[in-house]
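Chemist: model the following, please.
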Amino acid sequence: MTLYTERLILRPWTVDDAQDLYRYAKDPAIGPITGWPAHTSVENSRDVIRNVLSAPENYAVVPREEGHALGSIGLMLGDQSNIGIPSTEGEIGFWIGVPFWGRGLIPEATREVMRHGFEDLGLQKIWCGYFDGNANSRRVQEKCGFLYHHTATNVPCKIDGLLRTEHITRITREEWESARSR
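Modeler: Model prediction:
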């Protein structure tokens, strides 16, 4: 499935995106703050596409004016999420390359994935989270209407042996509908 916004195309990842993925995911300002190690090679990025980003509801963030992937957004449904949610709920995760920070692209992508989750997939709640120190992710969540729910400590991430504090936010279908009607 491909989703569209005013400035973005959100489409499935392909192995042909490996070079673009590596270009942005090798930056140590991206992966570690979101809980995964910086990519080490184009082949590493290709493996991530095959084994992680090819899952359903994962999208390459492609600005229409750029024409190539420069970030990622995904919706993990039910037990695909690590926060213990039922099948009627989902969790959004996202990142974007440093050169594109501050342009509002990820809030735009997040709003479209929220719309897709609530309208097309019939979700009742959508969750999101950010690790301590990730102010950019916190701001995206606030802009998109997510509300603080709880904090989890000693959360393992994909960086060997590292435990983090994660702040969990959520928005219900009713909250989302109410915000859209204002």
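
Chemist: where along this structure do the helices fall?
Modeler: 18-25, 31-34, 42-48, 105-115, 135-143, 173-181 (DSSP state H).

Chemist: show me what counts as buried in the shortest one.
Modeler: Spelled out, that is helix 31-34. Gly31, Pro32, Ile33, Thr34 (16 or more other Cβ atoms under 10 Å). No exception for glycine: its C-beta is placed from N, CA and C like everyone else's.

Chemist: out of the residues you listed, which is nearest to Gly78?
Modeler: Closest to Gly78 out of the buried residues of helix 31-34 is Thr34 (21.3 Å), distances taken as Cβ to Cβ.

Chemist: can you tell me how far the closest residue in space to Pro107 that isn't next to it in sequence is from Ile92?
Modeler: Excluding the flanking residues, the one nearest Pro107 by Cβ to Cβ, 6 or more residues apart in numbering is Lys143, at 4.7 Å. Distance, Lys143 to Ile92, using Cβ to Cβ, to the nearest Å: 13 Å.

Chemist: ok, now Cys144?
Modeler: Counting by Cβ to Cβ, the gap from Cys144 to Ile92 is 9 Å.

Chemist: looking at the buried residues of helix 31-34, which is nearest Val42?
Modeler: For the buried residues of helix 31-34, the closest approach to Val42 (Cβ to Cβ) belongs to Gly31, at 15.3 Å.

Chemist: now the residue lying closest to the closest one once chain neighbours are set aside: how far from Leu70?
Modeler: The shortest distance from Gly31 to any non-neighbouring residue, by Cβ to Cβ, 6+ apart, is to Ala38 (4.5 Å). Noted for Ala38: a distance of 16 Å to Leu70, by Cβ to Cβ.

Chemist: more crowded one of these two?
Modeler: The neighbour comparison of Ala38 against Leu70 (other Cβ atoms under 10 Å) goes to Leu70, with 22 against 15.

Chemist: now do the contacts for that one.
Modeler: Residues near Leu70 by Cβ atoms under 8 Å, 6 or more residues apart in numbering: Asp20, Arg23, Tyr24, Val61, Val62, Pro63, Ile96, Gly97, Pro99, Phe100.

Chemist: look up the closest residue to the third one, ignoring the ones flanking it.
Modeler: By that I understand Tyr24. Nearest residue to Tyr24, sequence neighbours excluded (Cβ to Cβ, 6+ apart): Gly97, at 3.2 Å.

Chemist: contacts for the worst-scoring helix or strand of the chain on mean pLDDT, please.
Modeler: In the chain, no helix or strand scores lower on mean pLDDT, DSSP states H and E than helix 31-34, which sits at a mean of 86. Outside helix 31-34, the residues that touch it by Cβ under 8 Å, 6+ apart are Ala25, Pro37, Ala38, His39, Gly93, Trp95, Phe131, Gly133, Asn134, Ser137, Ile159.
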